[in-house]
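Engineer: 3D model of this:
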Amino acid sequence: MPRNRTIYNVLALYASQVPATGQQTAAGTIRQLSRVQSFDEDFTRNFTDVNQYGNLAAIDRIEVESPEVTSSFSYYLTDGGNERSLGLTVTTGNQVLTSCISGLLTKVTDEKNYYLLIADEGNDASFYNQTRTGVIGLGNASITSYTVNAAVGDIPTADVELEALNLRIYSKLEPGNVNVVPAINAFSGTNLDSIRFSLPVATPITGTTIPNALLPGDITFTPNGVMGFNNGDLKVQDFTLTVDLPRTPLNKLGSRFAFAREIDFPVTSTLEINAEVGDLASGNLVDLLCDPSFQNFTIAMRRGACGGTGSVALLYQFKGAKLTSQSFTSAIGDNASLTATFEVQIGGPQQTDRGIFISGSYPA
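Structural biologist: Residues are numbered from 1 along each chain as shown. So this is what the prediction gives:
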């Protein structure tokens, strides 16, 4: 019977763990993302009119540029497992600290396929394995933005934006490994008919190894580098950490699609904090002009436990930052507040004194 509506319980989101053009039928080649809250996708086709003398209307409208496919989704932060599945570098245990975009820079984890499973109406996607299962697939997708948001009274979230070469919708998945991946041959713009995918059965992804959610009361973050106020007496209300990865499509004659979508450098990341101010501290803007020092921030998100003694589930290090802007706001009826923005340029995989570094507690 026809589907009346599609709501969140029938959905599950996956990311491939091998290159977009690789076989994705074996165990571990596709991984489900946890705690997903939203998913959006859209595409835009770019037409060029073909006009000529003697005709008022264009005789044709052709595409000289490939369609623009974009997507965004959000999820609650947990243990760094999602970040690893997306292709970001997340260290765990005693691993050497490495820039969070190392895998993207070296192309090892850059281009992926994403799959939004849509189960039959009235069923949960978790453990559903019936015939009426559709999929929205994004092929040859790359991250263009990763943002972490945390605020008093809200569960910390991550927002991810993607650019892809292709969008493919499957009305239902065929049994067995016969479903062709949404990725395409970027040079010719043709389907990869011999490359297949098979989605694992969706699960709730719960248990003792992964927190259900992280709480703002379990976040440890002491800002520094703010001018004119006691850094230790700032009451942080929220922060936003953003890694922007804008990309430029590289084209050539004979290719219908961009053969690569390279990151634009330098990659500048920002950390913006909003806090209620406390005690003043001596400060002089002129002195900052001759200050060669950099600021380092550590944001620790702990598992929920009485007394705030839970182990660290997710850790962000923002290293080598400079204060770029600061504003002070006061008004009758409101607490005086401060907004400060710090920036850092992310270096190569070998640079460990500058950039953004993520550590997680996901099972190795």
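Engineer: And Asp124, how far from Asn274?
Structural biologist: Relative to Asn274, Asp124 is positioned 38 Å away (criterion: Cβ to Cβ, to the nearest Å). Placement of C-beta: from N, CA and C, glycine included.
Engineer: Oops, could you answer that again for Leu215 instead?
Structural biologist: Separation of Leu215 from Asn274 (Cβ to Cβ) stands at 19 Å.
Engineer: Repeat that for Asn51.
Structural biologist: With distances defined as Cβ to Cβ, the gap from Asn51 to Asn274 amounts to 53 Å.
Engineer: which residues in this protein form helices?
Structural biologist: Along the chain, counting by DSSP state H, helices occupy 81-86, 102-105, 285-288.
Engineer: Can you tell me which of these is nearest to Ser194?
Structural biologist: The minimum distance between Ser194 and those falls on helix 81-86, with 25.1 Å, by Cβ to Cβ.
Engineer: More neighbours: which of Asp124 and Asn274?
Structural biologist: The residue with the greater number of neighbours, taking Asp124 and Asn274 and applying other Cβ atoms under 10 Å, is Asn274; the counts read 19 against 14.
Engineer: Who are the contact partners of the more buried one?
Structural biologist: If you count contacts by Cβ atoms under 8 Å, 6 or more residues apart in numbering, Asn274 has them with 236-239, 337-339.
Engineer: Flag the shaky bits of the protein, pLDDT-wise.
Structural biologist: The model of the chain has pLDDT under 70 over residues 1.
Engineer: So which residue is dead centre in it?
Structural biologist: Val160 (2.9 Å; Cα atoms, centre = their mean).
Engineer: ok, now which ones touch that one?
Structural biologist: Neighbouring residues of Val160 by Cβ under 8 Å, 6+ apart: 72-74, 86, 143, 145-147.
Engineer: Okay, and which of those map to strands?
Structural biologist: Among the contacts of Val160, the members found in strands (DSSP state E) are 72-74, 143, 145-147.
Engineer: okay, those in TSV with neighbour count and distance to Ala202 next?
Structural biologist: Formatted as TSV, the entries for the ones in strands among the contacts of Val160 read as follows, by neighbours: other Cβ atoms under 10 Å; distance: Cβ to Cβ, whole Å:
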residue	neighbour count	distance to Ala202
Ser72	15	21
Phe73	20	15
Ser74	16	18
Ile143	22	23
Ser145	15	26
Tyr146	23	24
Thr147	17	25
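Engineer: Considering these, which is situated nearest to Ile356?
Structural biologist: In terms of Cβ to Cβ, no member of these lies closer to Ile356 than Tyr146, at 9.1 Å.
Engineer: Now stretch 299-317: buried residues?
Structural biologist: Along stretch 299-317, these residues count as buried under the neighbour rule (16 or more other Cβ atoms under 10 Å): 299-303, 310, 313-317.
Engineer: nope, stretch 27-38 is what I meant
Structural biologist: For stretch 27-38, the neighbour count (16+ other Cβ under 10 Å) marks 30-36 as buried.
Engineer: before we move on, what about stretch 130-146?
Structural biologist: Buried residues in stretch 130-146, counting neighbours by 16+ other Cβ under 10 Å, are found at 133-144, 146.
Engineer: try stretch 348-364
Structural biologist: Of the residues in stretch 348-364, those buried (16+ other Cβ under 10 Å) are 354-362.
Engineer: and that stretch, how far from the chain's centre?
Structural biologist: 15 Å (Cα atoms, centre = their mean, to the nearest Å).
Engineer: Counting neighbours, what do you get for Phe221?
Structural biologist: The local packing count at Phe221 equals 17, with neighbours defined by other Cβ under 10 Å.
Engineer: For it, give me its contacts.
Structural biologist: 236, 239, 297-300.
Engineer: what's the answer for Asn123, then?
Structural biologist: By Cβ under 8 Å, 6+ apart, the contact list for Asn123 reads 9-10, 130.
Engineer: same check, this time on Thr329
Structural biologist: Residues near Thr329 by Cβ under 8 Å, 6+ apart: 336-339.
Engineer: Dump those residues to a markdown table, plus distance to Phe43 and neighbour count.
Structural biologist: Output for these, formatted as a markdown table (distance: Cβ to Cβ, whole Å; neighbours: other Cβ atoms under 10 Å):
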| residue | distance to Phe43 | neighbour count |
| --- | --- | --- |
| Ala336 | 46 | 12 |
| Ser337 | 41 | 17 |
| Leu338 | 41 | 24 |
| Thr339 | 36 | 15 |
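Engineer: Would you mind giving the residues you listed as TSV with distance to Asn231 added?
Structural biologist: As requested, those are exported to TSV (distance: Cβ to Cβ, whole Å):
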residue	distance to Asn231
Ala336	16
Ser337	15
Leu338	11
Thr339	15
